[in-house]
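Student: Here's my sequence, what's the structure:
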Amino acid sequence: MLQRHEATGRDVAGLMREIGAAARAAARPLAIADTAQKNAALGAMADALEADCAAILAANEEDMEAGRAAGLSAALLDRLRLDAARVSAIADGVRAIAELPDPVGQVIARWQRPNGLAIERVRTPLGVIGVIYESRPNVTADAGALCLKVGNATILRGGSDSARSSAAIHACLVAGLKAAGLPETAIQRVPTTDRAAVGAMLAGLDGHLDVIVPRGGRGLVERVQTEARVPVFAHLEGICHVYVDRSAEIAMARDIVVNAKMRRTGICGAAETLLVDRAAAASHLVPVLEALAAAGCAIRGTPEVVAAFPAATPASDADWTTEYLDAIIAVRLVDGVDEAIEHIERHSSHHTEAIVAEDAAAVERFFAEIDSAVLLHNASTQFADGGEFGMGAEIGIATGKMHARGPVGVEQLTSFKYRVRGSGQTRP
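Tutor: Predicted coordinates for the structure are as follows:
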C-alpha cells in the first residue's frame, strides 16, 4: 500500500483526502470526550511505549544505519537517536501530559451586560492539527499526545530519516486510543515520504486541516510559511544568543554558556552566538572560551576575540545569522547591554535569548527591549522547552505574534467560543 501511494501524485492526493476526512470525522467525538477518557488513552499509550521499547529501538537502529549511510551530520544523528532512556522519557512525557489540567471547557472570562445577557468565553479544541517534522521521532509522541489532551485530531507527517522509528511509536499511540475507546484515526501518520503529501497538507486537505505546525530545518519551515493556506505555528530557526554582562559572576557565566551551547547542540534552543561585555573582556572572556573549547566547541570570533583567544578562528558575516545545530559558536565583544540589544535585534530569529548579569537595570533593559519569544536571566537557553516550563511538553516553539508564542502546549492548542445566556432578550 505504501508503495502504491508513493507511485504517483494522484495516489498520494487520494490518500491525503482520505486522511483529512478521517481526521475531521474523528475530531468531533474527540472534542467532546471527557478528561478521564483522554487521560486513559494517554496512560495506555505510555504503557505501550514502554512495553514495545525493544521494537522501537530496533526500528530506530534501522533509521540510524540509513542515516549514517546517507551521511547525516552528528547533530542530526543525535536528534534521530533513541535509546532505552529516551524511550522511557517519551513515555514519562506522555504521562506528564495526562496529569496536566484539561483546558477544554475552561471559562476564560465571564461578564454580564446591562440587558441581562450573561456572556462566557470558553476554551475549545482547534480541530485538526497537521504536524510536519523531520529527524526527531519523539515528536510523534509529543505532538500526538498534546493534541489528544485538548481534543484535537492530529495528522503527523514525519521525515524519511525517522520513518521507521515514528511508525513504531505511532503504533503505540493507536493502541492507546483503541484501549480507551477513542477513534483510532484521531492520531494518523502519513504513510508516505512523497513530498506531494506535504503539498496536500499545506493546501489544507479540502478544508479539513485547521492549523499546521512545522518542526524542522529552515528549508522545511520556509516552504510551509510560504505555501500554507492555513494558519501556521512555527519558528524559522533558533539563532539564540547569550549575553555576558560586566556584572556577571564568572563561574555562573561559564557554566551557563557551556550548557546553553553544548548540552544538546542540535536543539533549537541551543545558543549560537555569545556576546561578552567589552568592559569584562579581560576577566570573563577567556575563562568562558576555555570552558567551551574544553567541552569540544569550535569558536569563531571577531579579530579582538581571536587576539585574546588564538584557538578561535575568524568569524564571517554569515556566522551571525547561522543556526549551526553543532558544536560551533560565534563570539563577539559588545559595548554593554546597549550594543548587545542592538546586535540581537539585528541578527536574532526571535526565538530565545539569555542575559547573565547581576545588574538589575541591565536585566530589565534586556527584558524590555528585546522582542523574542523567550528571554532568560541567569539561566541556560536550553530551558526554552515546554516541558521545562511546566507545560508537560510542547509541540514546538512559535516565534510569531498571533495566537501562540513561545512553547506551544495544551492551552496554545485551543481556541475559544462565546456562550451567551439570555432570558428572552431581543435586540431593539
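
Student: Which residues are in contact with the closest residue to Glu227 other than its chain neighbours?
Tutor: Nearest non-adjacent residue to Glu227, counting by Cβ to Cβ, 6 or more residues apart in numbering: Leu202, 4.6 Å away. In this view, the C-beta of every residue, glycine as well, is placed from N, C-alpha and C. Neighbour list for Leu202: Ile212, Arg223, Val224, Glu227, Ala228, Arg229, Val230 [criterion: Cβ atoms under 8 Å, 6 or more residues apart in numbering].

Student: cool, and Ala271?
Tutor: Contacts of Ala271 (Cβ under 8 Å, 6+ apart): Cys240, His241, Val242, Val257, Ala260, Lys261, Ile329, Ala354, Ser380, Thr381.

Student: ok, what's across the strand from it?
Tutor: Cys240 (DSSP bridges).

Student: distance of it from Thr414?
Tutor: 32 Å (Cβ to Cβ, to the nearest Å).

Student: what do you get for Gly20?
Tutor: 21 Å.

Student: One more: Leu236?
Tutor: Distance from Leu236 to Thr414, by Cβ to Cβ: 24 Å.

Student: what stretches of the protein score poorly on pLDDT?
Tutor: 1-10, 392 (pLDDT under 70).

Student: If we use 50, what do you get?
Tutor: Scanning the chain with the threshold set as pLDDT under 50 gives 1-9.

Student: care to break it down by domain?
Tutor: 2-233+408-420, 240-383 (automatic domain parsing).

Student: Turn those domains into a markdown table, columns for distance to Phe389.
Tutor: A markdown table is the format used below for the domains of the chain (distance: least, Cβ to Cβ, whole Å):
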| stretch | distance to Phe389 |
| --- | --- |
| domain 2-233+408-420 | 8 |
| domain 240-383 | 8 |
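
Student: Among those domains, which comes closest to Ala393?
Tutor: Of all those, it is domain 2-233+408-420 that lies closest to Ala393, at 4.8 Å by Cβ to Cβ.

Student: State the distance from Val12 to Glu18.
Tutor: Distance from Val12 to Glu18, by Cβ to Cβ: 11 Å.

Student: meant to ask about Ala270
Tutor: 39 Å.

Student: who's more crowded, those two?
Tutor: The neighbour comparison of Ala270 against Glu18 (other Cβ atoms under 10 Å) goes to Ala270, with 27 against 13.

Student: And that one, how close does it get to Met262?
Tutor: 8 Å.

Student: repeat for Thr154
Tutor: From Thr154 to Met262 the distance is 33 Å (Cβ to Cβ).

Student: the more surrounded of the two?
Tutor: It is Thr154, of Thr154 and Met262, that has more neighbours when counted by other Cβ under 10 Å, with 28 against 19.

Student: A strand includes the more buried one, no?
Tutor: Yes - membership of Thr154 in a strand is supported by DSSP: H, G, I helix; E, B strand; the rest coil.

Student: Need the contact partners of stretch 180-187.
Tutor: 22-23, 25-27, 29-30, 33, 37-38, 40-41, 44, 144, 147-148, 153-154, 156, 170, 173-174, 177-178.

Student: And the buried ones among those, selectable in ChimeraX?
Tutor: In ChimeraX, a selection of the buried entries from these looks like this (16 or more other Cβ atoms under 10 Å):
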select :22,23,25,26,27,30,33,38,40,41,44,144,147,148,153,154,156,170,173,174,177
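
Student: Among the contacts of stretch 180-187, which ones are in strands?
Tutor: Ala153, Thr154, Leu156 (DSSP state E).

Student: Could you verify my assumption that the first one touches Gly127?
Tutor: Yes - Ala153 lies in contact with Gly127 (Cβ atoms under 8 Å); the separation is 7.2 Å.

Student: joint contacts of the two?
Tutor: Shared contacts of Ala153 and Gly127, counting by Cβ under 8 Å, 6+ apart, come down to Arg24, Ala27.

Student: Would you map the strands across the stretch 151-300 of the chain?
Tutor: Using DSSP state E, counting those that start in this stretch, the strands of the stretch 151-300 of the chain run over 153-157, 187-189, 211-215, 240-244, 271-277, 298-301.

Student: now these in JSON lines, with distance to Ile344?
Tutor: Output for these, formatted as JSON lines (distance: least, Cβ to Cβ, whole Å):
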{"stretch": "strand 153-157", "distance to Ile344": "33"}
{"stretch": "strand 187-189", "distance to Ile344": "38"}
{"stretch": "strand 211-215", "distance to Ile344": "24"}
{"stretch": "strand 240-244", "distance to Ile344": "5"}
{"stretch": "strand 271-277", "distance to Ile344": "8"}
{"stretch": "strand 298-301", "distance to Ile344": "17"}
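
Student: Of all those, which one is nearest Gln112?
Tutor: Of the strands of the stretch 151-300 of the chain, nearest to Gln112 by Cβ to Cβ is strand 211-215, at 32.5 Å.
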